[in-house]
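Asks: mind folding the following:
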Amino acid sequence: MTLTRAHLILFASFSSAALLGGAFLFQFAGYAPCAMCYWQRWPHGIVAVLGLAALAVRNPLLCWAGAVGMGVSAGLGAYHSGVERHWWPGPSSCTGGGDLSGSATDLLDSILSTPVVMCDEIPWRLSDWIPLQILDLTMANFNAVFSLVLVGVWVAAARMK
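Replies: Here you go, the predicted structure:
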């Protein structure tokens, strides 16, 4: 059996849909997502739908768009990974830094309206399940790596005759 552009597009689209589904399963299991987690979901949803369009239209430009979408997802995952590990600061909206000016009532309203899930805290680690320090991988780490692999799949699909 010969691998075709359609096979690669189906694999990449299904993979994005599966990663998105996995994120929803983790959420259903009680792992509340932070703002950056939500940001990482958008490219997967868009690319999964884009894959259907790429199959219907058969235009390689849509495959390049899929590669760009997964590049964005990989970048967001890598950025979130660094924020989780405190290598660099994250957005003040989800890492605890914020404007503390104003009245006490304004501050309380701001606290109550802010989500409690912090982007710089790691809710799940693979090493919690498999006790090897080398496996200290988080959901953001997995997203970055899998998205980078999918960039390659989309590029291969775009370059295929």
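Asks: moving C-terminal from the helix or strand of the chain with the lowest mean pLDDT, which element do we reach first?
Replies: Sorting the helices and strands of the chain by mean pLDDT, DSSP states H and E puts helix 104-113 at the bottom, at a mean of 64. Next helix or strand after helix 104-113 toward the C-terminus (DSSP states H and E): helix 139-159.
Asks: check the protein and tell me which residue is nearest its centre.
Replies: Computing the C-alpha centroid of the chain and ranking residues by CA atoms, centre = their mean puts residue 40 first, at 2.8 Å.
Asks: now do stretch 42-55: distance to the chain's middle.
Replies: Relative to its chain's centre, stretch 42-55 lies at 14 Å (CA atoms, centre = their mean, to the nearest Å).
Asks: that stretch: which residues count as buried?
Replies: 43, 44, 46, 47, 48, 50, 51, 54 (16 or more other CB atoms under 10 Å). Bear in mind the C-beta positions are built from the backbone N, C-alpha and C, glycine included.
Asks: go on, stretch 69-89?
Replies: 69-74, 76-84.
Asks: coming back round to it: let me know the closest of the buried residues of stretch 42-55 to residue 132.
Replies: Checking these against residue 132 by CB to CB gives residue 44 as the nearest, at 27.8 Å.
Asks: secondary structure element holding that closest one?
Replies: Residue 44 belongs to helix 35-57 when assigned by DSSP H and E.
Asks: give the other helices and strands that that helix contacts.
Replies: Judged by 3 or more CB pairs under 8 Å, 6 or more residues apart in numbering; DSSP states H and E, the packing partners of helix 35-57 are helix 5-28, helix 60-84, helix 92-95, helix 139-159.
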